[in-house]
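Enquirer: Got a sequence here, can you model it:
(one chain, ligands or ions: 2)
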Amino acid sequence: MKKEKVVVALGGNAILSTEATARAQQAALRETAEQLIAFVEKDVDLIISHGNGPQVGNLLLQQAAADSVKNPAMPLDTCVGMTQGSIGYWLQQALYNALEPLKSNKQVVTLITQVVVDQKDPSFQQPTKPIGPFYTEKEAQDIMATSSNLMVEDAGRGWRKVVPSPKPLAIVEAQTINQLVSQGTIVIAAGGGGIPVIKTKGGYRGCEAVIDKDLASEKLAELVEADTMIFLTGVNHVCLNFNTPAEIALGTVTVSQIKGYLNDGQFAAGSMLPKVEAAIAFVESHPAGKAIISSLANIHDVIRNGSGTIIVAD
Ligand SMILES: Nc1ncnc2c1ncn2[C@@H]1O[C@H](COP(=O)(O)OP(=O)(O)O)[C@@H](O)[C@H]1O
Ligand SMILES: NC(=O)OP(=O)(O)O
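Expert: Numbering: from 1, shown residues only. Ligands and ions are numbered 1, 2, ... in the order given. Have a look, this model is predicted:
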């Protein structure tokens, strides 16, 4: 019998909780992997993607700090590839260790993934994706005055560097991902939104940008014809009137209903909005499928009891 194919997009708190050391991120991913084992117990075909905003911004700073003729700073597309490698390594190892007590013979692989974008995407002229550490406004103004960096205020949390974030159009390795997952391998793919590449007459070429991981994960789910797309973030449900006394948690909603809430401005740009947009895009592309937005901590309830916000076709 054909297994359910699930794409899980991991939010920032799955990787980085307190500090950005390798040890702390590996510890966070150990806990994440233990939660993700619920999908192995359910016996689904599993593809996992993840973000890299804090990590790729930190890596760029490290590159700039060490830049010299003999040790040149790497460009942003290469840094995205480097974070796919490091976060993929941590998660892959954590998953193997979490699988060990189950005596499962499941294999786990991290796939370096290139995501095709349009060279003319307006985001190249107007950077929108916050990456790296947070700064005070004063620090941000000083950075902008002394460098070519563009900084913006990020959802009330502080100021961050912003980089272009073009829309994902296609995934170069989609077929390989599908082949691996159909053999029963857990595939970690499109990490950090994938490495942005443009298609030229001479072949694919990397470009300096960071793709939104929710949009890239949706594109991946579409291309591998997933049955279910799950966004795991910091809240159990998408809410109306979020963080107010009138907050209402959404359970199962249709695409039309959630589009209405979106048009009413219920979802914050840069946080819940891209998840809701990606969920809508997935269900519209695959009306038999469903998109779920919930938290890692709630994953057992999502799997067993249909908890979380579930977006379905009308
Ligand atoms: N309408 C909303 N309903 C629920 N959460 C919301 C809403 N608007 C903003 N949020 C916040 O957005 C967060 C998800 O965005 P973010 O932390 O950027 O994503 P990620 O988990 O992918 O890193 C939630 O944990 C919550 O704090
Ligand atoms: N690439 C990306 O969207 O990463 P974050 O979710 O960590 O910002």
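Enquirer: Identify the residues contacting T244.
Expert: For T244, no contacting residues are found, by C-beta atoms under 8 Å, 6 or more residues apart in numbering. To be clear about C-beta, it is placed using only N, CA and C from the backbone, and glycine gets the same treatment.
Enquirer: and the residue nearest in space to the middle of the chain, how far is that from S165?
Expert: Within the chain, the residue whose C-alpha comes closest to the C-alpha centroid is K213; the distance, by C-alpha atoms, centre = their mean, is 3.1 Å. Per C-beta to C-beta, to the nearest Å, K213 is found 10 Å from S165.
Enquirer: joint contacts of these two?
Expert: Common contacts of K213 and S165 (C-beta under 8 Å, 6+ apart): G193.
Enquirer: Can you name the residues of the stretch 151-300 of the chain that neighbour ligand 1?
Expert: By C-beta under 6 Å from any ligand atom, the residues of the stretch 151-300 of the chain that approach ligand 1 are 233-235, 238-239, 242, 266-268, 271-272.
Enquirer: Mark which of those are part of strands, please.
Expert: When DSSP state E is applied, these are split such that 233, 239 fall in strands.
Enquirer: I'd like the residues of the stretch 151-300 of the chain next to ligand 1 written out as CSV, with neighbour count added.
Expert: Below are these laid out as CSV (neighbours: other C-beta atoms under 10 Å):
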residue, neighbour count
T233, 21
G234, 13
V235, 19
V238, 28
C239, 19
F242, 17
Q266, 19
F267, 19
A268, 14
S271, 18
M272, 23
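Enquirer: which residues of the stretch 151-300 of the chain fall in helices?
Expert: For the stretch 151-300 of the chain, the helices defined by DSSP state H, counting those that start in this stretch cover 174-182, 213-223, 255-263, 272-285, 299-305.
Enquirer: Give me whichever of these is most buried.
Expert: Mean neighbours per residue, mean count of other C-beta atoms under 10 Å, is largest over the helices of the stretch 151-300 of the chain for helix 213-223, with a mean of 27.
Enquirer: quick one: contacts of that one?
Expert: Outside helix 213-223, the residues touching it (C-beta under 8 Å, 6+ apart) are 7, 9, 47, 49-52, 113, 115, 167-171, 174, 177, 189-194, 226, 229, 231, 274-275, 277-279, 281-282, 285-286, 289.
Enquirer: do stretch 95-114 as well
Expert: Stretch 95-114 has contacts (C-beta under 8 Å, 6+ apart) with 30, 33-34, 36-37, 40-41, 81, 84-85, 88-89, 91-92, 171-173, 176-177, 180, 184-191, 194-195, 197, 204, 206, 220.
Enquirer: Quick one, which of the residues you listed are buried?
Expert: Listed as buried from the contacts of stretch 95-114 are 30, 33, 36-37, 40, 81, 84, 88, 91-92, 171-173, 177, 180, 185-191, 194-195, 197, 206, 220; burial here means 16 or more other C-beta atoms under 10 Å.
Enquirer: for ligand 2, what are the nearby residues on the stretch 51-200 of the chain?
Expert: 51-53, 192-193.
Enquirer: Now the stretch 201-314 of the chain against ligand 2: closest residue?
Expert: With C-beta to the nearest ligand atom, the shortest gap between the stretch 201-314 of the chain and ligand 2 falls at K213, namely 3.6 Å.
Enquirer: Look at V108 and report its pLDDT.
Expert: Per-residue confidence (pLDDT) for V108: 98.
Enquirer: and the gap between it and I47?
Expert: Taking C-beta to C-beta, one finds V108 at 11 Å from I47.
Enquirer: Show me which of those two is the more surrounded one.
Expert: It is I47, of V108 and I47, that has more neighbours when counted by other C-beta atoms under 10 Å, with 27 against 20.
Enquirer: List the buried residues for the helix or strand in which that one is found?
Expert: I47 belongs to strand 45-50 when assigned by DSSP states H and E. For strand 45-50, burial by neighbour count (16+ other C-beta under 10 Å) applies to 45-50.
Enquirer: Could you do stretch 248-256 as well?
Expert: 250, 253, 255.
Enquirer: now the residues you listed in JSON lines, with pLDDT?
Expert: Formatted as JSON lines, these follow (pLDDT from 0 to 100):
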{"residue": "L250", "pLDDT": "98"}
{"residue": "V253", "pLDDT": "98"}
{"residue": "V255", "pLDDT": "98"}
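Enquirer: For I143, which non-adjacent residue is spatially closest?
Expert: Computed as C-beta to C-beta, 6 or more residues apart in numbering, the closest residue to I143 that is not its neighbour in sequence is N149, at 5.3 Å.
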